[in-house]
Structures are given as structure tokens and as C-alpha cells.
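Trainee: okay, predicted coordinates and the sequence, questions at the end:
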Amino acid sequence: MQGNKVQFLNCECGLLYMLNGERGSAHAIHCPACGRTPRIERLNQSSSPNFKQHSTSIWRGFVVSGALSIATIISLVIVLPRILSQQVQPPTVSASSQPAPEPSSNHSPISLPNGTNLIPPQGLQGRASLTVNNGTPHDAVVKLVDSASGKTIRFVYIQAERDLTIKNIPPCNCILKFSTGTDWDRQTGKFLQNPSFSQFTEPVSFEEISTETGVEWRNYRASLHPVVSGNARTTQISETSF
């Protein structure tokens, strides 16, 4: 059986056309999808069995390609939600990177007994004394610092609205420093709430003078709050200077 002259037209857009030679020239064919002229793949004198075999191989190619495309689409549909779900998961925070809880301040302010020595008293062989009146609404700590050596010879605690007499002060020219506030902290040695730091501008001279009748010395009195008849001035200082 004489085979038919068959032309296969393969367009660049992907469509495949079959043209019988009796129907005219393939050059007059235009793809209805893109309007371009398809390429011609000639099978001259092809027998019907060969034509069927070639057509079958072509359709198998289309079926395999279509199956692969469908499988790819199904894979994307399955995998894509997993990727999206992984992207929107909130970051995990390890226990070591979590901020440490702030210390609780819900405790009663600490106030030491009036007259508590915050350091061991130095030079107890002296005769002079200093009476300190804390007329402020806050507790206070008072320092006597030897101006010559810079050594603290007294460091005592005075409660609010209380007096304290510091006795047995040795001969020295001392600077009187004090700090007022609330809630004393033993570890840091300062008030945790409303701390302030001051010192008297003029040093206090605790001298002992020997006379024919014995030894003479002077006792002093200081107020940490302003008084009308007071003659001593104070100035604010930094915490490091205290």
C-alpha cells in the first residue's frame, strides 16, 4: 500500500500539527495560538504503520511529559505548605538567652539601730566627742575622715530624727561627711533609695592641749539639717567623693 505523504508541523509555542500533503502547502499554515509558521518535519512516503508508530511515539512523549508535569505540580503542592509552615514558626529562645529576672524590691526598707558602727572605731584613746543631730526625715551615716592621712576613724549610723554622740575621738583635724537616704544596703554600704552625699566645708579640729592643771579638749555639736543659728556650712559631693 502506497503510503501518504505526511508533514508534521512543530510550532515554536509547543503545538504539533499533522498535515496531509494533499491539503496544500505547509508554508501557508499559521499557528492559531501564536500566529507563527510552524517548522516542517517531513515523513516522505511514510506507510500507514510507520505513521501510526511515529504518531504513537509522539503521543507517548506528550503523555510522559504531561505526567511528569502533573507529578511536579503535585510535589510542589505537597512541599510548599511544609516550607511555608517552617518559615512562619516563631524562633525558639534558649534558657540561657532569656533575660534574668529583676530583683524584687517588695521589701521593707532596712534601718539599722541608732549608733551602729559600720567599721570598727579607730583611735579610742582620745577624749573629745562629737554630737550629731539628724533632724532630717531620712536615716543618715556619718564619717569622720582624718584630713592628713585620709583614714576613716569613725563611720556610724544615725536614724532619722535622732541624735548620736561619738566619743573618744583622738587628736586629729577631721572632715565630717554624711549621707542620708532610705533602705540601707550592707553589701554596697549605701542607701538604695533617695541617697544624697554632703560634707562640712570646714574641718573639725579635735586637739588636746596640755596645761598645768591637766589636759584640755573641745567637744563639738553638728546638725545635719539647716538651723537658724548654725555657723557651719555644708556642700553636696559625689558618691565617689564620699
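Mentor: Cool, got the structure. Residues are numbered from 1 along each chain as shown.
Trainee: can you list the domains in this structure?
Mentor: 6-86, 128-236 (automatic domain parsing).
Trainee: and the shortest one, what's its mean pLDDT?
Mentor: When pLDDT is averaged along domain 6-86, the result is 54.
Trainee: elements contacting the strand ranked longest in the chain?
Mentor: Longest strand in the chain, counting residues (DSSP state E): strand 172-185. Packing partners of strand 172-185 (3 or more CB pairs under 8 Å, 6 or more residues apart in numbering; DSSP states H and E): strand 128-134, strand 139-146, strand 152-158, strand 190-200, strand 204-206. From N, CA and C alone the C-beta is placed, and that goes for glycine too.
Trainee: which parts of the shortest one are buried?
Mentor: Think strand 204-206. Neighbour-count burial for strand 204-206 flags 204, 206 (criterion: 16 or more other CB atoms under 10 Å).
Trainee: can you start the count at 500 instead of 1 from here on
Mentor: That works, and once the first residue is 500, the last one we named lands at strand 703-705.
Trainee: helices or strands up against that strand?
Mentor: If you count contacts as 3+ CB pairs under 8 Å, 6+ apart, strand 703-705 packs onto strand 627-633, strand 671-684, strand 719-722.
Trainee: any chance of those strands in a markdown table, plus distance to C533?
Mentor: What follows is these, written out as a markdown table (distance: least, CB to CB, whole Å):
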| stretch | distance to C533 |
| --- | --- |
| strand 627-633 | 100 |
| strand 671-684 | 86 |
| strand 719-722 | 104 |
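Trainee: quick one: closest of those to I708.
Mentor: strand 627-633 (11.2 Å; CB to CB).
Trainee: rounded mean pLDDT for the closest one, please.
Mentor: 96.
Trainee: that one pairs with which strands, parallel or anti?
Mentor: Take DSSP bridges as the rule and strand 627-633 pairs in its sheet with strand 661-668 (antiparallel), strand 719-722 (parallel).
Trainee: of all those strands, which lies closest to E738?
Mentor: strand 719-722 (21.1 Å).
Trainee: what's the next secondary structure element after that closest one?
Mentor: strand 733-735 (DSSP states H and E).
Trainee: tell me what that following strand is packed against?
Mentor: When contacts are defined as 3+ CB pairs under 8 Å, 6+ apart, strand 733-735 packs onto strand 689-699.
Trainee: mind listing what's buried in the strand it packs on?
Mentor: 689-690, 694-699.
Trainee: out of the residues you listed, who's nearest I674?
Mentor: Of the buried residues of strand 689-699, the one sitting nearest to I674 (CB to CB) turns out to be Q698, at 6.1 Å.
Trainee: give me the nearest residue to the closest one, chain neighbours excluded.
Mentor: In space, and not counting its chain neighbours, Q698 is closest to K676: 4.3 Å by CB to CB, 6 or more residues apart in numbering.
Trainee: can you check C530 too?
Mentor: C510 (4.3 Å).
Trainee: same check, this time on Q658
Mentor: Nearest residue to Q658 in three dimensions, chain neighbours excluded: N613, at 4.4 Å (CB to CB, 6+ apart).
Trainee: who's in contact with that neighbour?
Mentor: 656-658, 661, 663 (CB atoms under 8 Å, 6 or more residues apart in numbering).
Trainee: ditto for N633
Mentor: Per CB under 8 Å, 6+ apart, neighbours of N633: 639, 657-663, 679, 723-724.
Trainee: again with T681
Mentor: 608, 637-638, 690-693.
Trainee: swap in 10 Å and give it another go.
Mentor: Residues near T681 by CB atoms under 10 Å, 6 or more residues apart in numbering: 608-610, 636-638, 659, 690-694.
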